[in-house]
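Colleague: pasting a predicted model and its sequence here:
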Amino acid sequence: MKNKLIYEFFSDDDFLRISNKIKETEKNTSGEIRISIKEKSSWLDRKKDIRALAEREFYKLNMHSTRDNTGILLFLLLAQRKFYILADKGINEKVDQSVWNNIRDEMQSEFKEGHFTKGILSGIENVGNVLSKHFPIKSDDTNELSNRIIVD
């Protein structure tokens with residue numbers, strides 16, 4: 001059965017909570033947050049690093065085409081126990097990579113405790129706090145990207 005591993009980490013209710021957290025968080029920022037969870041990398045991708053895989057997913061999800069280049073992806077690779085936070089160029093012009101690394105480290109400590117949903121929810125909240133400072137919501141803001149979690 002495809003996506004069997006994912007249910008060792010998350011339930012359907014967890015996905016709903018995460019999606020709702022994205023929706024709630026995006027009410028305070030013009031940034032666009034997406035979550036993509038892959039069970040494992042393909043045989044062809046096994047030698048690629050996590051950043052390269054996150055970049056490919058970022059473009060596949062059209063995250064680079066937001067109005068102000070303010071998309072940010074939280075990309076998880078379950079079988080390899082890896083994840084990456086990838087921000088678009090509009091965000092990277094204002095926010096240093098060390099900020100995302102700190103959020104990554106906080107998420108990692110939750111994951112190590114087995115709190116996967118809690119780790120993602122706190123990651124979304126922390127990312128949202130950073131984005132709302134640098135990219136507050138605009139009067140003409142629209143939700144440019146789906147809040148649905150990508151599971152593969």
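Modeller: All right, it came through fine.
Colleague: state the pLDDT value of the residue nearest the centre of the chain.
Modeller: Note on the chain: the residue nearest the mean C-alpha position is Leu74, at 1.9 Å, using CA atoms, centre = their mean. Reading off the confidence values, Leu74 has pLDDT 96.
Colleague: next one: Tyr84
Modeller: What the model reports as pLDDT for Tyr84 is 95.
Colleague: got it, and Tyr7?
Modeller: Confidence per residue is given as pLDDT, and for Tyr7 that number is 87.
Colleague: tell me the spacing between it and Ile149.
Modeller: Taking CB to CB, to the nearest Å as the criterion, Tyr7 is separated from Ile149 by 13 Å. C-beta coordinates here come from the backbone N, C-alpha and C atoms, glycine included.
Colleague: what does Gln108 give?
Modeller: Taking CB to CB, one finds Gln108 at 19 Å from Ile149.
Colleague: quick one: which of these two has more around it?
Modeller: Neighbour comparison, Gln108 and Ile149: the larger count goes to Ile149, with 20 against 15 (by other CB atoms under 10 Å).
Colleague: nearest residue to the more buried one in space, please, no chain neighbours.
Modeller: Taking CB to CB, 6 or more residues apart in numbering, and ignoring the residues beside it in sequence, Ile149 has Ile35 as its nearest neighbour in space, at 4.7 Å.
Colleague: same check on Ile150?
Modeller: When the adjacent residues along the chain are set aside, Ile150 lies closest to Ser36, with 4.1 Å between them (CB to CB, 6+ apart).
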